[in-house]
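1. build me a structure from this.
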Amino acid sequence: MRAVDLDQMIQCGDALLRPAPHVQLAMPFASADSANSFDWKGRFASVFARGGFDCVVGNPPYVRIQHVQPPERRVTYAATYETARGRFDLAGLFIELANNLTRTGGRVGYIVSNKLLTTRGASELRDYILTRYTVVEIIDLTDTKLFEAAVLPMILILENRRPEGQSFTYASIQEIEAPRLGVVSVDRLLSPLDHSQLPLRIDVEWKQRCYRVEKFDAPLPKRRQPVWTFHYPLEHHLLEKLRKDAACTLDDLTRKISVGLKTTADDVFIKPLTAKFIEQSRLERGLLHPVLESHNIDRWKCIWSSDRDLHVLYPHEERGGKVVPVDLGPYPHARRYLQANRQQLEARAYLRDSGRQWYEIWVHQSPSDFAQLKLVTPDIASHNCFALDDQSFFVNGTCFYIILRDQSYDYNLLLLSLLNSKVLEFFHKLTSGNSLYAKRFRYWTSYLKTYPIPAIGHPRNAAVVRQIIENARRLTTIATDRERSSLEEENDRLIYSLFGLTSQEIQDLESSIVFQRTSSKSS
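-> Numbering: from 1, shown residues only. Below you'll find the predicted structure:
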């Protein structure tokens, strides 16, 4: 075999600083970047004479665009690449670049963050992939820590040709607790993926840890689909049934689903504001409100104590339907406190650039929101953990809140029961596609609004609904774990009946929930 002279093959430069061969640059490169630009056609003339590379492989850098320096380079990227929209990641530009570097039929294989499947910043990139590539295979490595990376990695394999077919091969590997039976020892964690018979689901042991490996044909996502999630056939059937048999979604029943306050200066507006600090500083009560943080939300109820928990200094008021900053004149002690922190607050240039007062909260929401009966959840949790807030707490940005159109107490209890049910926990974990390390999930508006809701208003379900509400009333007040567990199990059975699930479907759903919960403990 003839030896290859690698010295002649290794090229250096910023691959992204030059437009890909078929992309016309809308603006000239900055002169400072010209020395680092990379002329692909010039350096690999013989390759492009044949139409491009047969394959491109790599592990592109995971760098958010806001961290790219100098800032002028961000403008260059945005002018050069179709997918450079919003808060994009540089890794995505390499996927677009590869489409212009490979010949027709050439393949691209990258290790990238699995956030590509779910984040809003990657939406243009997902659409680009669907229109410019044929998706061959995705292998989601979740939190296996197979690679030393600060992200949850996946392997993306694409082919440079017009999209063909309606499905592709999807695989996932995730760590689990050691199963009692059926575990298979392997020398390579990826070796089970060599199986050609699909669907595949197998539990393996590798380096004294256990993993679940799945591989199956998955439907190709649709264009503009907000999140890409892929499910083993058994779970896919259950999800489709829940959607099909639902009377509506949670979004149809709500006035608002939103994140809480984002002060961008919690160590001024919230963190110091204990009851003792407020008394010592003589801060005026008119600007102070008890505030919920994620640790204050227990399943079913909020736990907040005036001698232990915090307040928010809220320098806003609602006037004429708009939220505006208050005049600090009538609040001399609060004004003095804010003035003492003025340098830090004024450093928030984005607030100043938007023409707002230096002492404002960045995302202030509406104080009338917090006065209403509402359901709240931590932003990040290992399981559905919704609570009823009937005490008009303000809500911090570590939580989300839900205001229902029907503000009756019983209706809120009913929806609270649905949100805390195994059915909707199953739905959330399989459709949000945002599992973090230790199998924690984000509970964002875009995920919550899609929750399926059964026909709770139909007369045939009236007796079941009444019992669910009564159980929820007790669940918001009881203290013992045993009684809580018993009532939750009864509510789950009642909610299964509202969705019309068969005994086999219930067994499959509960097995999936057990797997999700035990795999979170092993991570």
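
2. contacts only, for the residue nearest to T445 when sequence neighbours are not counted.
-> Nearest non-adjacent residue to T445, counting by C-beta to C-beta, 6 or more residues apart in numbering: I257, 4.6 Å away. Heads up, the C-betas are built off the backbone N, CA and C, glycines and all. Applying C-beta atoms under 8 Å, 6 or more residues apart in numbering, we find I257 in contact with 250-251, 400-403, 445, 448-449.

3. in the stretch 51-200 of the chain, which spans are helices?
-> For the stretch 51-200 of the chain, applying DSSP state H, counting those that start in this stretch gives helices covering 71-80, 90-101, 123-132.

4. by contact count, what packs against the first one?
-> For helix 71-80, the helices and strands in contact under the criterion 3 or more C-beta pairs under 8 Å, 6 or more residues apart in numbering; DSSP states H and E are helix 31-34.

5. now swap in the last one and tell me
-> Under the contact criterion of 3+ C-beta pairs under 8 Å, 6+ apart, the helices and strands touching helix 123-132 comprise helix 90-101.

6. okay, the angle between the helix it packs on and helix 71-80?
-> Here the directions of helix 90-101 and helix 71-80 differ by 40 degrees (axes from the mean of the first three to the mean of the last three C-alpha atoms, to 10 degrees).

7. quick revisit: tell me which of the helices of the stretch 51-200 of the chain sits most buried.
-> helix 90-101 (a mean of 22; mean count of other C-beta atoms under 10 Å).

8. how far away from the center of its chain is that one?
-> Between the centre of helix 90-101 and the centre of its chain there are 24 Å (C-alpha atoms, centre = their mean, to the nearest Å).

9. got it, and stretch 452-462?
-> The answer for stretch 452-462 is 30 Å, by C-alpha atoms, centre = their mean.

10. likewise for stretch 328-347?
-> Computed by C-alpha atoms, centre = their mean, the chain-centroid distance of stretch 328-347 equals 35 Å.

11. what mean pLDDT does that stretch get?
-> When pLDDT is averaged over stretch 328-347, the result is 97.

12. all strands of the stretch 151-300 of the chain, in order?
-> Remark: strands assigned in the stretch 151-300 of the chain by DSSP state E, counting those that start in this stretch are 153-159, 167-176, 184-185, 200-206, 209-219, 248-249, 254-259, 288-292, 300-301.

13. just checking, what packs against the helix or strand hosting R493?
-> Under the criterion of DSSP states H and E, R493 resides in helix 481-499. With contacts taken as 3+ C-beta pairs under 8 Å, 6+ apart, helix 481-499 sits against helix 233-245, helix 409-419, helix 422-431, helix 462-475.

14. C-terminal to that helix, what's the next element?
-> helix 503-522.

15. so which elements touch that next one?
-> Helix 503-522 packs on strand 167-176, strand 209-219, helix 233-245, helix 422-431, going by 3+ C-beta pairs under 8 Å, 6+ apart.

16. who touches the last one?
-> Same thing as helix 422-431. Contacts for helix 422-431 (C-beta under 8 Å, 6+ apart): 227, 229, 231, 235, 238-239, 242, 383-384, 418, 435, 441, 443, 447, 450-452, 492, 495-496, 499, 501, 509-510, 512-513, 516.

17. tilt between it and helix 481-499?
-> 80 degrees.

18. if we can go back for a sec, to V268, which of the helices and strands packed on helix 503-522 lies closest?
-> helix 422-431 (33.9 Å; C-beta to C-beta).

19. the helix or strand just after the closest one pairs with which strands, and in what direction?
-> Counting by DSSP H and E, the element after helix 422-431 in chain order, helix or strand, is strand 441-442. Paired with strand 441-442 in the same sheet, following DSSP bridges, are strand 380-381 (antiparallel).

20. and the partner strand, what's its mean pLDDT?
-> Strand 380-381 shows a mean pLDDT of 94.

21. elements contacting whichever helix or strand comes after it?
-> Moving toward the C-terminus from strand 380-381, the next helix or strand (DSSP H and E) is strand 387-389. If you count contacts as 3+ C-beta pairs under 8 Å, 6+ apart, strand 387-389 packs onto strand 300-301, strand 374-378, helix 409-419.

22. report the buried residues of the longest one.
-> This means helix 409-419. 411-419 (16 or more other C-beta atoms under 10 Å).

23. which helices and strands does it pack with?
-> Counting by 3+ C-beta pairs under 8 Å, 6+ apart, helix 409-419 packs on helix 250-253, strand 374-378, strand 387-389, strand 399-404, helix 462-475, helix 481-499.

24. distance from it to the middle of the chain?
-> So, by C-alpha atoms, centre = their mean, the centroid of helix 409-419 is 25 Å from its chain's centroid.

25. again with the second one
-> Centroid separation for strand 374-378 versus its chain: 17 Å, with C-alpha atoms, centre = their mean.

26. re earlier: quick one, which of the helices and strands packed on helix 503-522 is nearest to H295?
-> Of all the helices and strands packed on helix 503-522, the one in closest proximity to H295, counting by C-beta to C-beta, is helix 422-431 (20.0 Å).

27. what about this protein, any weak spots by pLDDT?
-> Applying pLDDT under 70 to the chain picks out residues 1-8, 18-36, 180, 434-438, 517-523.

28. please parse it into its domains.
-> By the assignment in automatic domain parsing, the chain contains the domains 6-176, 232-255+407-523.
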